[in-house]
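Participant: Need a 3D model of the following:
(2 chains)
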Amino acid sequence: MSRRPYVREISGTSWWLRHPRYVRYMAREISALFIGIYVLILMAGLFRLSQGEAAYEEFLAKAEGPVGMIFAIIAMVFAVYHSYTWFQVTPKAMPLMIGSKRIPGSFIVAAHWIGFAIASVALWMLAGDRI
Amino acid sequence: MSERMIELEVLRYDPEQDEAPRFQTYTVPYREDWVVLDAINYVKDELDRTLSYRWSCHMAVCGSCGMLIDGEPALSCHTFLRDCPDKIRIEPLQNFPVERDLVVVMDDFMDKLESVKPYVVPKEEKNIDDGEYLQTPAELARYKQYTACINCLLCYSACPQYALNDSFVGPAALAIAHRYNLDSRDVGRSARDDVVASNPGIWECSFVGACSEVCPKSVDPAAAIQQTKIASTADYFMKFLMPWKRK
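Facilitator: Numbers count the residues shown, from 1 in each chain, chains lettered A, B, ... in the order given. The predicted structure follows:
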């Protein structure tokens, strides 16, 4: 009897196409890319603001133009999806117990959405007439 | 009870004969209450004595009969044929070397399990005469879910991180480490951290969550790993905030 274990390799580039759960994972991860690009645009805006009012107005005109708006909408859809996927898994990372009873995961997810809504409304109000 | 037929496309690999695995198809008559393992036992008993596979309890307790059923890691004793299509593909667990047919080499997991000290490390050793280490029901409830692990390796088979980098300690071993870390009778956490809180430990996990989806005992290893990440991050910052306080 000789041992000769056979190793079945998986593809390093297409493994995530093997099952819908891996595709969902990749979608969650890729959504972060759009949020990252949006943050870079915001930082560019801050930089232009430091250069004076004219430079900032020019930046705003571009950001509010058709290309800027289309990207903003796409980034928002991905940001909402990204938040949804992470809020769904928060009960796993932060389970809460009262005595020996677990608080249902749906409560923890709902608390995150409520926090998200409050933060969004607060930002909206702070932004004033810019929106 | 009436008999129906199912075709099993089974991965075969004989290290003494085959260069690479191949598939062999068996047609099996089955009853309403049969699981996939019953069909494989039928093949072994009636059709082909050379087929190798592991099984023991037939009741989702021993963790021996895990395999890929149509690509999905599952316990073959826990998958009813009546819920399957007319033809199914049976393969050994993904991400482990194939020893023969449906039998995989699990040495890597056994080494990793051992490395996380999967036992209670008590503060002080007691003599048997001194009685048990006591615990309240609330203390038990904190970790009870993680005690359900049967080491069936379905989670390793589903985990793409383990597939791409087998130095990853992996879902079950990390969930079991978490189980002992949460145990009020245990003080072994810092000793486990050399393995658990390392890069190939919890930080290799990117929270795909596949381990928890395939777990037949609802252990939820993904949850255990994320909770360990939070605890480990807190440790890191506490080191700066309170350097005099050692865990």
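Participant: Return the residues of chain A in contact with chain B.
Facilitator: A:1-8, A:10, A:12, A:15-16, A:18-19, A:21-22, A:25, A:29, A:89, A:91-95, A:97, A:99-102 (CB under 8 Å from any CB of the partner chain). C-betas here are computed from N, CA, C, even on glycine.
Participant: Could you tell me which residues of chain B lie near chain A?
Facilitator: So far as CB under 8 Å from any CB goes, chain B lies against chain A at B:13, B:15-16, B:20-21, B:71-72, B:94-95, B:97-99, B:105, B:137-138, B:140-142, B:160, B:163-164, B:206-210, B:212-213, B:220, B:222-223, B:226-227, B:229-230.
Participant: And residue 120, which helix or strand is it part of?
Facilitator: In the absence of a named chain, chain A is used. Per DSSP states H and E, A:S120 falls inside helix A:105-127.
Participant: May I see the buried residues of that helix?
Facilitator: Buried positions in helix A:105-127, judged by neighbour count with 16 or more other CB atoms under 10 Å in any protein chain shown: A:105, A:108-109, A:112.
Participant: picking that back up, would you list the buried entries among the residues of chain A next to chain B?
Facilitator: Burial by neighbour count, 16+ other CB under 10 Å: within those this picks out A:6, A:8, A:16, A:19, A:21-22, A:25, A:89, A:91-95, A:102.
Participant: Narrow those residues to those in helices?
Facilitator: Those of these mapping onto helices are A:21-22, A:25, A:89, A:91-93, per DSSP state H.
Participant: As CSV, these with distance to A:I37 and pLDDT would be great.
Facilitator: Converted to CSV, those look like this (distance: CB to CB, whole Å; pLDDT from 0 to 100):
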residue, distance to A:I37, pLDDT
A:R21, 26, 95
A:Y22, 24, 96
A:Y25, 20, 94
A:V89, 24, 91
A:P91, 30, 92
A:K92, 28, 90
A:A93, 26, 89
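Participant: coming back round to it: nearest to chain B among the buried residues of helix A:105-127?
Facilitator: Using CB to the nearest CB, A:G105 comes nearest to chain B of these, at 9.9 Å.
Participant: so that closest one makes contact with A:P91?
Facilitator: Yes. A:G105 is within contact range of A:P91, at 3.2 Å (criterion: CB atoms under 8 Å).
Participant: Out of the residues of chain B next to chain A, which sit inside helices?
Facilitator: Reading helices off the residues of chain B next to chain A with DSSP H, I get B:137-138, B:140-142, B:160, B:163-164, B:210, B:212-213, B:222-223, B:226-227, B:229-230.
Participant: Mark which of those are buried, thanks.
Facilitator: B:142, B:160, B:163, B:210, B:212-213, B:222-223, B:226-227, B:229.
Participant: Point out the least confident one among those residues.
Facilitator: Lowest in pLDDT among those is B:R142, which has 92.
Participant: doesn't B:Y180 make contact with that residue?
Facilitator: No. B:R142 lies out of contact with B:Y180 (CB under 8 Å); the separation is 11.6 Å.
Participant: quick one, what contacts B:M67?
Facilitator: B:36, B:53, B:73-74, B:76, B:90-93, B:102 (CB atoms under 8 Å, 6 or more residues apart in numbering or on different chains).
Participant: what's the next secondary structure element after the helix or strand hosting A:A72?
Facilitator: A:A72 is part of helix A:66-93, with elements assigned from DSSP H and E. Scanning forward in sequence from helix A:66-93 by DSSP H and E, the next helix or strand is strand A:97-98.
Participant: Could you spell out the sheet neighbours of that following strand, each with its direction?
Facilitator: In the sheet, strand A:97-98 lines up against strand A:101-102 (antiparallel) (DSSP bridges).
Participant: measure the spatially most central residue of chain B to A:P66 for me?
Facilitator: Here the mean C-alpha position of chain B is nearest to the C-alpha of B:L153 (CA atoms, centre = their mean), at a distance of 2.8 Å. For B:L153, the distance to A:P66 equals 53 Å [CB to CB, to the nearest Å].
Participant: and if you look at B:A224?
Facilitator: Distance from B:A224 to A:P66, by CB to CB: 48 Å.
Participant: Tell me which of the two has more neighbours.
Facilitator: B:A224 (29 against 7; other CB atoms under 10 Å in any protein chain shown).
Participant: quick one: the more buried one and B:R179 touch, right?
Facilitator: Yes. Contact criterion CB under 8 Å: B:A224 and B:R179 qualify, at 7.4 Å.
Participant: any idea which element B:A172 lies in?
Facilitator: Assigned by DSSP H and E, B:A172 belongs to helix B:171-181.
Participant: Now that helix: average pLDDT?
Facilitator: Averaging pLDDT along helix B:171-181 yields 98.
Participant: same check, this time on stretch A:99-119
Facilitator: Here the average pLDDT along stretch A:99-119 is 92.
Participant: do the same with stretch B:188-195
Facilitator: Stretch B:188-195 comes out at a mean pLDDT of 96.
Participant: Which positions in that stretch come out as buried?
Facilitator: B:188-189, B:192-193, B:195.
Participant: Please tell me how far it is from the chain's geometric centre.
Facilitator: Once both centres are worked out by CA atoms, centre = their mean, to the nearest Å, stretch B:188-195 turns out to sit 21 Å from its chain's centre.
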